[in-house]
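In: Kindly generate the corresponding structure for this input.
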Amino acid sequence: MRNELYDYSPIIERPTITWPGNARVAFYVGLNVEHFLMGKPSTSINQGTAGLVPDPLNHGWRDYGPRVAIWRMIEAFDRHGVRPSVLLNSDVAEHYPQIIEAGKARDWIWLAHGKNNSTVQSEIEAEERAYLTDVVETIEKATGRRPRGWMGPALSETFQTPALVAELGLDYVLDWTSDDQPYWLNVPGVMSVPYTLELNDLGLFTAHSISGPDFVQIVKDQFDQLYADSEHSGRVMALALHPFVTGQAFRLKYLDQALEYVTGHPGVWNTTSDDIAAHYAATTGARSGAR
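Out: Numbers count the residues shown, from 1 in each chain. I've put the predicted structure just below:
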């Protein structure tokens, strides 16, 4: 099936991207702040108990994120001047309002990330429109800022999701992890901003069982190659984090080391996904979605 949402565009044939301050790499942290429903199978560290109701082993592991882990991660972000781009389940507003208050105090930006990470949107357009409207308006009410970006739980979309979020005033999505630069979708006014599955703590630590030092080296290697690639046109480096994974006590020092390497490097724009989208739109011109 042909992907009607965007066209093939080899990176070697595109206009040059210049980031603010002539930076070569635009770096942002995609911080997943999520709520998981009790008794519903979801992200698990041990599949052996994932079918149990209740499942204390896996639910407790996930619940460690908002209770403990995110608070030590916040200290690391503060040390390195990182304003996370928060991929926010709207249910967080009800269940963990203290996290939203901490982010508001630090001027974090908020992307709509579904209602919770146990539910994905319906493929029926009217139902999806109502679902997305509820998510966006709940986040706006809780944070005081209407989201500009969308990433679905488990990077889920329907074919109409980009157009529906555009109706709600959003102008970019993160679900299509197909590039190192932003690009326009074939949907009026909607772009894709790079996100990452490979430089994502959930896969690295839980699926591949890497060590903390390995994580730091992977971040360095990713950055070094993107920096080399950006000699003639800017690149985006996203670092995807989940508090219940990287916020574990024995991993925090490695997050510190990784952030120090990237943010302390010359030629880096330490920024947010909102600002990346805004700069790209301002410098390339908003597209109508015409092919």
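In: list the contacts for the spatially most central residue of the chain?
Out: Taking Cα atoms, centre = their mean, the centroid of the chain lies closest to residue 30, which sits 3.5 Å from it. Each residue near residue 30 by Cβ atoms under 8 Å, 6 or more residues apart in numbering is listed here: 84-85, 87, 151, 174, 195-196, 238-241, 273. Just so you know, the C-beta spots here come from the backbone N, C-alpha and C atoms, and that holds for glycine as well.
In: next one: residue 220
Out: So residue 220 contacts 258, 261 (Cβ under 8 Å, 6+ apart).
In: Show me what counts as buried in the helix or strand containing it.
Out: Element membership for residue 220 (DSSP states H and E) is helix 212-229. By 16 or more other Cβ atoms under 10 Å, the buried positions in helix 212-229 come out as 212, 215-219, 222-223, 226-227, 229.
In: Buried residues, the following helix or strand past that helix. List them.
Out: Note on helix 212-229: by DSSP H and E, the next helix or strand toward the C-terminus is strand 235-241. Counting neighbours by 16+ other Cβ under 10 Å, one finds that the buried residues in strand 235-241 are 235-241.
In: Nearest to residue 16 among the residues you listed?
Out: residue 235 (11.7 Å; Cβ to Cβ).
In: For the closest one, give the beta-bridge partners.
Out: Judged by DSSP bridges, the bridge partners of residue 235 are residue 25.
In: From residue 122, how far out is it?
Out: Going from residue 235 to residue 122 by Cβ to Cβ, to the nearest Å gives 36 Å.
In: Can you mark which positions in stretch 14-30 are buried?
Out: Neighbour-count burial for stretch 14-30 flags 17, 19, 23-30 (criterion: 16+ other Cβ under 10 Å).
In: Mind picking the one among those residues that's closest to residue 7?
Out: Nearest to residue 7 among the buried residues of stretch 14-30: residue 17, at 17.8 Å, using Cβ to Cβ.
In: Leaving out sequence neighbours, find the closest residue to that closest one.
Out: Nearest non-adjacent residue to residue 17, counting by Cβ to Cβ, 6 or more residues apart in numbering: residue 234, 4.0 Å away.
In: what's that neighbour sitting at in phi/psi?
Out: Phi and psi for residue 234, reported as degrees, to the nearest 10, are phi -60, psi 150.
In: do residue 130 as well
Out: Main-chain dihedrals, residue 130, degrees, to the nearest 10: phi -60, psi -40.
In: What about it, how many residues nearby?
Out: Residue 130 is flanked by 13 other residues according to other Cβ atoms under 10 Å.
In: and the gap between it and residue 263?
Out: Distance of residue 130 to residue 263, computed by Cβ to Cβ: 40 Å.
In: cool, and residue 193?
Out: Here residue 193 is placed at a distance of 19 Å from residue 263 (Cβ to Cβ).
In: If you count surrounding residues, which of the two has more?
Out: A direct count of neighbours by other Cβ under 10 Å for residue 193 and residue 263 places residue 193 higher, at 28 against 15.
In: ok, that one touching residue 278?
Out: No. Between residue 193 and residue 278 there is no contact under Cβ atoms under 8 Å: 10.3 Å.
In: so where do the strands sit in this structure?
Out: Using DSSP state E, the strands of the chain run over 25-33, 85-88, 109-112, 149-150, 172-173, 183-184, 191-192, 235-241, 268-270.
In: Pipe those into CSV and attach mean pLDDT and distance to residue 57 per row.
Out: Formatted as CSV, these follow (pLDDT from 0 to 100; distance: least, Cβ to Cβ, whole Å):
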stretch, mean pLDDT, distance to residue 57
strand 25-33, 99, 20
strand 85-88, 98, 25
strand 109-112, 98, 30
strand 149-150, 98, 31
strand 172-173, 98, 33
strand 183-184, 98, 41
strand 191-192, 98, 36
strand 235-241, 98, 22
strand 268-270, 98, 37
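In: who wins for proximity to residue 135 among these?
Out: Nearest of the strands of the chain to residue 135, taken as Cβ to Cβ: strand 109-112 at 5.1 Å.
In: Centre of the chain to the closest one, how far?
Out: 9 Å (Cα atoms, centre = their mean, to the nearest Å).
In: How about stretch 139-149?
Out: Mean C-alpha position of stretch 139-149 versus that of the full chain (Cα atoms, centre = their mean) differs by 15 Å.
In: buried sites along it?
Out: Across stretch 139-149, burial judged by 16+ other Cβ under 10 Å covers 139-140, 142-143, 147-149.
In: In a markdown table: those, plus distance to residue 269.
Out: Shown next, in a markdown table, are the buried residues of stretch 139-149 (distance: Cβ to Cβ, whole Å):
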| residue | distance to residue 269 |
| --- | --- |
| 139 | 25 |
| 140 | 27 |
| 142 | 28 |
| 143 | 24 |
| 147 | 21 |
| 148 | 18 |
| 149 | 17 |
